[in-house]
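Novice: kindly generate the corresponding structure for this input.
(4 chains, ligands or ions: 20)
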Number of protein chains: 4
Amino acid sequence: SKYEYVKSFELPDNLLPSTWIIVRIDGRGFRKFSEAHEFEKPNDENALMLMNSCAISLLDDFPDIVFAYGVSDEYSFVFKKSSQIYKRRASKILSTCVSLFSSTYVMKWAEFFPNKPLKYAPSFDGRVVLYPTVAHVHDYLSWRQVDCHINNQYNTCLWTLVKSGKTNEEAQKFLKGTQKQEKNEILFQQFGINYNTLPPMFRKGSCVFREEVHEISKSKKVKKKVVVDHCDIICPGDMHFWNEHPYILSDDQ
Amino acid sequence: SKYEYVKSFELPDNLLPSTWIIVRIDGRGFRKFSEAHEFEKPNDENALMLMNSCAISLLDDFPDIVFAYGVSDEYSFVFKKSSQIYKRRASKILSTCVSLFSSTYVMKWAEFFPNKPLKYAPSFDGRVVLYPTVAHVHDYLSWRQVDCHINNQYNTCLWTLVKSGKTNEEAQKFLKGTQKQEKNEILFQQFGINYNTLPPMFRKGSCVFREEVHEISKSKKVKKKVVVDHCDIICPGDMHFWNEHPYILSDDQ
Amino acid sequence: SKYEYVKSFELPDNLLPSTWIIVRIDGRGFRKFSEAHEFEKPNDENALMLMNSCAISLLDDFPDIVFAYGVSDEYSFVFKKSSQIYKRRASKILSTCVSLFSSTYVMKWAEFFPNKPLKYAPSFDGRVVLYPTVAHVHDYLSWRQVDCHINNQYNTCLWTLVKSGKTNEEAQKFLKGTQKQEKNEILFQQFGINYNTLPPMFRKGSCVFREEVHEISKSKKVKKKVVVDHCDIICPGDMHFWNEHPYILSDDQ
Amino acid sequence: SKYEYVKSFELPDNLLPSTWIIVRIDGRGFRKFSEAHEFEKPNDENALMLMNSCAISLLDDFPDIVFAYGVSDEYSFVFKKSSQIYKRRASKILSTCVSLFSSTYVMKWAEFFPNKPLKYAPSFDGRVVLYPTVAHVHDYLSWRQVDCHINNQYNTCLWTLVKSGKTNEEAQKFLKGTQKQEKNEILFQQFGINYNTLPPMFRKGSCVFREEVHEISKSKKVKKKVVVDHCDIICPGDMHFWNEHPYILSDDQ
Ligand SMILES: Nc1nc2c(ncn2[C@H]2C[C@H](O)[C@@H](COP(=O)(O)OP(=O)(O)OP(=O)(O)O)O2)c(=O)[nH]1
Ligand SMILES: Nc1nc2c(ncn2[C@H]2C[C@H](O)[C@@H](COP(=O)(O)OP(=O)(O)OP(=O)(O)O)O2)c(=O)[nH]1
Ligand SMILES: Nc1nc2c(ncn2[C@H]2C[C@H](O)[C@@H](COP(=O)(O)OP(=O)(O)OP(=O)(O)O)O2)c(=O)[nH]1
Ligand SMILES: Nc1nc2c(ncn2[C@H]2C[C@H](O)[C@@H](COP(=O)(O)OP(=O)(O)OP(=O)(O)O)O2)c(=O)[nH]1
Ligand SMILES: O=P(O)(O)OP(=O)(O)OP(=O)(O)O
Ligand SMILES: O=P(O)(O)OP(=O)(O)OP(=O)(O)O
Ligand SMILES: O=P(O)(O)OP(=O)(O)OP(=O)(O)O
Ligand SMILES: O=P(O)(O)OP(=O)(O)OP(=O)(O)O
Ligand SMILES: [Mg+2]
Ligand SMILES: [Mg+2]
Ligand SMILES: [Mg+2]
Ligand SMILES: [Mg+2]
Ligand SMILES: [Mg+2]
Ligand SMILES: [Mg+2]
Ligand SMILES: [Mg+2]
Ligand SMILES: [Mg+2]
Ligand SMILES: [Mg+2]
Ligand SMILES: [Mg+2]
Ligand SMILES: [Mg+2]
Ligand SMILES: [Mg+2]
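Specialist: Ligands and ions are numbered 1, 2, ... in the order given. Below is the predicted model:
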């Protein structure tokens, strides 16, 4: 039709080739959402497992996602650098990821919250970020996991103090300026909590990736299975995980 | 942390000011999805009403969306040109729209398909397009509605022929090269169907906008209510709708 | 060759269609350049006429430039909104404009400074800006001309004071906080200078455009000729120029 | 002023950090320009030396350019990947490079063509391309030098045949489909020309970079000097140059 010219206003948005694509999504207004749905504080195991389950769905659907890392209301998805998905069109990649995550979150809600109906539709924002080298990807993931550590330690202290009777404001004041080590001591000395024995999912966040399955089979092809684990991925501090899983960020995955 | 530098790889993506923003989303692989969920052919009233209901949710959530138009598995959302939503950051706008639409689609599924469980999570792609003037917005919407007319007339003929016993291939062959008028005659003469009396939602798609509600109230403020209608919006052929609703695309909405 | 894949890293950068393109260039380090070449202060007539001559060359070379406005070491070039030059590729448009301006500046230098050799190669930065409507183009040009007025009045006062014996610092201090009207009075009362009779090129900057030439000719085609003038172009204050030259920013130039 | 809002239409265009920036410029319409100025065919030594001299000026002005490669009417400039020049704003980088090159070309023209006045202002287009790794930069430069080899060999044959009496069309026909080796044999057997002894600048193009100068000085700081050479830079075929100059593309130049 004579109106078709408007299609020409759609401008190309292809991403630089041979560069790592990371899509990070983050719950929109999840402070309110988590309160409306009475998530446990500071960490709601079911809420986090629901997030993980959605991330698994993304890895199942998008073979080019080689790794995902989740904490709180956010998840980061790492696409292999050679990915040609949607011709590397940024909008296509961003929109389909955030869309599938969102719809899956609602689909699976009842599985993780069987007795809690969804009060309203949750939503997520998303962004695409490019990184030129694998070292940047390591640093990116380290950034998110360090953030997880800092926030979780703080939140654990805060809510422990609040549960012990302090108001939120008193607890915040109390923690102001304390260092990492001091926070651990407060937890241990005042409440008998050994921070390092708290659930790894809370302390370390969640990693989703394909684990090589070595099974006796006729074909010698290595099978892979999407798994969730709560690993140390801070580099270069702890290269253990990356050394054990060299194929994840290798060029020819 | 020393890893925070990776945040600087997030580049700004603000959209040109004072320009109409249209977000169009489209069901990903809905050929398969509509078959898996046995949508009626060529138009499934419930599927379309579910789409409309999701669009209403978007207008409820985003005051800057002034108009939406939906047909088949797609929906277009027009933001007012002065919108400052998310500082006009393209990724934020795109991702939150497509996310909320997707999660709402699943949330409301059972309302429209009470006896049909969702087999898998649906998803939508999305894109952002800019248009400099209101005339372009008119042309954009005309483009989508003309598309709706053409596709719907063709599909109506096709499926009527198929229901009458032809194979899909035979029906396609039969329709090849026929003009609009001929298609109407086939429908009328062979099947007694007057195309123009078929449901407007099928023929015209759906418009979602805020209707002014004139009620006797103390405050003289005009209230607005989000409604769905199946209007003629092709310009300049039919300016009736736009003349009746001048405020929708006016600058100072 | 096997290296050709690197070409695919060149990403498209087409500008939104049907939108006004303005390229603004600005002398790089012209404070130093104007001192090295002993430009008269605050305005060097030859330097400005050289700039104008370069702008004329751009209009001669690029038919899609419909208007240019210059002041100090900068020049803005307005492309008609329907321009398809270089398929609207931003880099091509930007680079060829700034390149031709720069080489022409050196080519023509001796014409305007016959007794002053160029000491080193001048250069210009450049940028591309898009404007959705003609009203924005009016506002853009108004912005530049208002800037010209403000700077020129200030500089005229400053250098008059300096020439009269004040140090630069004393003159600056003296002018601090004075209003437009006060500056005019200083000039008039202390130095007998009527600001409004100073050369229009200094006060208003320079406009370059195609003037319609009405000559008796066999073909009735209106001829156009690139001219420089020092017009009032601030809108809506003074629409005289635009009313007299409606074709310049009309859609179908 | 109230018009300043138009400045907000200038959108940020910062380039991805930590990525190699290559600016390639290319003479605009140099087929015509080289004919108008009677450049020798297929290679004009003075024209090429003028190009090289301009490239040297760019390295002198922009410390972040670590390498440049020129052939025919084009030049590529490699910025170190950590460059923060102009906050990595693409337009600033592109426009200042192409501007300085263009003005310098005219400035230095008479030095290389003392008896040939410039007939009109030459101009260059330019583009910015990003490459994530040093291997890509190697491949990029290899791409350009392979292109140089292919074109120069072809052009050398073509113009030798033309000078020997063939028309341009006959010569083209004659060469159609011939391989590299055959072309060398034509040159040698028919014209006694040993291709490999032709001037390296014609066969290999020109490299501009900073050579380390090891001089006995009190400070042990290594001095660097911008030089032009005609090196083999095709990788991995010939790593000799890169092995000898590891600092050029090293991270911490
Ligand atoms: N109680 C509880 N709250 C959680 C949990 N995970 C996340 N949240 C809440 C705590 C934070 O207020 C919020 C995440 O912080 P954000 O910075 O993402 O803020 P929010 O999502 O409210 O706003 P945003 O739209 O992202 O700017 O989600 C959880 O497991 N339990
Ligand atoms: N039976 C039925 N099918 C529908 C209805 N609405 C949409 N569809 C189907 C028919 C089309 O095959 C499909 C929409 O066409 P598209 O061009 O969007 O293709 P599809 O979504 O399969 O692929 P895509 O991911 O968008 O490239 O959705 C409906 O009301 N009833
Ligand atoms: N004496 C004299 N100086 C002029 C004339 N026109 C421009 N200039 C000088 C005065 C200013 O210092 C300078 C223009 O100001 P800019 O803001 O463009 O600064 P500049 O070019 O030094 O730095 P930039 O590279 O643009 O950031 O050029 C003139 O006609 N006479
Ligand atoms: N005679 C002669 N011509 C040369 C020399 N170097 C370059 N040229 C000419 C030959 C080619 O026609 C032209 C370069 O080819 P391009 O593909 O860049 O084409 P041109 O610049 O004409 O058009 P463009 O604006 O780049 O698309 O410049 C030279 O040393 N001697
Ligand atoms: O959302 P925050 O506060 O963690 O920080 P951000 O995500 O970088 O901010 P924004 O969502 O506005 O991009
Ligand atoms: O999806 P289509 O076939 O209607 O056409 P398109 O949406 O323009 O194509 P794409 O989804 O690839 O942008
Ligand atoms: O150059 P200025 O100071 O007039 O201001 P600007 O041009 O907006 O700044 P920049 O040259 O850094 O874009
Ligand atoms: O200019 P060409 O023909 O060498 O090829 P190109 O430079 O890639 O084409 P364009 O100048 O149009 O980008
Ligand atoms: Mg955020
Ligand atoms: Mg959030
Ligand atoms: Mg968050
Ligand atoms: Mg599509
Ligand atoms: Mg679809
Ligand atoms: Mg569709
Ligand atoms: Mg500037
Ligand atoms: Mg300047
Ligand atoms: Mg200036
Ligand atoms: Mg080219
Ligand atoms: Mg060329
Ligand atoms: Mg060339």
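Novice: tell me which element A:V66 falls in.
Specialist: Using DSSP states H and E, the element containing A:V66 is strand A:65-71.
Novice: is that strand up against ligand 11 anywhere?
Specialist: No. Counting by CB under 5 Å from the ion, ligand 11 is not contacted by strand A:65-71; separation bottoms out at 8.2 Å. For every residue, glycine as well, the C-beta is placed using N, CA and C.
Novice: quick check: neighbours of the very next helix or strand once past that strand in the sheet, parallel or antiparallel?
Specialist: Proceeding N to C from strand A:65-71, the next assigned helix or strand is strand A:74-79, under DSSP H and E. Paired neighbours of strand A:74-79 in the sheet (DSSP bridges): strand A:20-27 (antiparallel), strand A:65-71 (antiparallel).
Novice: okay, those strands in CSV with mean neighbour count next?
Specialist: As requested, these are exported to CSV (neighbours: other CB atoms under 10 Å in any protein chain shown):
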stretch, mean neighbour count
strand A:20-27, 23
strand A:65-71, 24
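Novice: circling back to that earlier point, now the strand holding A:V66: mean pLDDT?
Specialist: Mean pLDDT, computed over strand A:65-71, is 98.
Novice: just the CA trace of it, in CSV.
Specialist: Provided in CSV are the C-alpha atoms of strand A:65-71 (Å, rounded to 0.1, in the frame of the first residue of the first chain):
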residue,chain,number,x,y,z
ILE,A,65,23.2,-18.0,25.7
VAL,A,66,26.2,-19.7,27.3
PHE,A,67,25.9,-18.4,30.9
ALA,A,68,23.4,-16.6,33.1
TYR,A,69,23.9,-15.0,36.5
GLY,A,70,21.0,-14.0,38.8
VAL,A,71,20.7,-12.2,42.0
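Novice: can you list contacts of that strand?
Specialist: For strand A:65-71, contacts defined as CB atoms under 8 Å, 6 or more residues apart in numbering or on different chains pick out A:48, A:51-52, A:55, A:58-59, A:75-80, A:141, A:144-145, A:147-148, A:151-152, A:205-210, A:233, A:248-249, A:253.
Novice: stretch A:211-225 too?
Specialist: In contact with stretch A:211-225 (CB under 8 Å, 6+ apart) are residues A:210, A:226-227, A:245, A:247.
Novice: and the end-to-end length of it?
Specialist: 5 Å (CA to CA, to the nearest Å).
Novice: would you mark the buried spots in that stretch?
Specialist: For stretch A:211-225, a neighbour-count test (16 or more other CB atoms under 10 Å in any protein chain shown) marks nothing as buried.
Novice: and for A:S91, the neighbour number?
Specialist: Burial measure for A:S91: 24 neighbouring residues, criterion other CB atoms under 10 Å in any protein chain shown.
Novice: show me the beta-bridge partners of the closest residue to it other than its chain neighbours.
Specialist: Nearest non-adjacent residue to A:S91, counting by CB to CB, 6 or more residues apart in numbering or on different chains: B:R127, 4.7 Å away. Taking DSSP bridges as the rule, B:R127 bridges to B:R24.
Novice: tilt between the longest helix belonging to chain A and strand A:74-79?
Specialist: If you go by DSSP state H, chain A has its longest helix at helix A:134-163. Here helix A:134-163 points in a direction 170 degrees away from that of strand A:74-79 (axes from the mean of the first three to the mean of the last three CA atoms, to 10 degrees).
Novice: helix A:134-163 near chain B anywhere?
Specialist: Yes. Helix A:134-163 lies within reach of chain B by CB under 8 Å from any CB of the partner chain, at A:136, A:139-140, A:142-143, A:146-147, A:150.
Novice: neighbour-wise, give me the winner out of those residues.
Specialist: Neighbour count (other CB under 10 Å) singles out A:Y140 as the most crowded of those, with 24 neighbours.
Novice: got the contact list for that one?
Specialist: A:22, A:76, A:129, A:131, B:3, B:6.
Novice: please apply the same query to A:R144.
Specialist: By CB under 8 Å, 6+ apart, the neighbours of A:R144 are A:69, A:71, A:74, A:76, A:205.
Novice: one more: A:W20?
Specialist: By CB under 8 Å, 6+ apart, the neighbours of A:W20 are A:78-81, A:130-134, A:136-137.
Novice: what about the residue nearest to it when sequence neighbours are not counted, how many residues nearby?
Specialist: Spatial nearest neighbour of A:W20, chain neighbours left out: A:Y131 (4.3 Å); criterion: CB to CB, 6+ apart. By the criterion of other CB under 10 Å, A:Y131 has 24 neighbours.
Novice: gap between A:Y131 and D:P17?
Specialist: 9 Å (CB to CB, to the nearest Å).
Novice: looking at the stretch 151-253 of chain A, what residue ends up closest to ligand 10?
Specialist: Residue nearest to ligand 10 within the stretch 151-253 of chain A (CB to the ion): A:N151, separated by 12.2 Å.
Novice: show the pLDDT at that residue.
Specialist: At A:N151, pLDDT is 97.
Novice: and it, how close does it get to ligand 19?
Specialist: Plainly put, A:N151 is 55 Å away from ligand 19 if you go by CB to the ion, to the nearest Å.
Novice: and the nearest residue to that residue once chain neighbours are set aside, what does it touch?
Specialist: Excluding the flanking residues, the one nearest A:N151 by CB to CB, 6+ apart is A:S72, at 7.0 Å. Residues in contact with A:S72, defined by CB under 8 Å, 6+ apart, are A:27, A:30, A:148, A:151.
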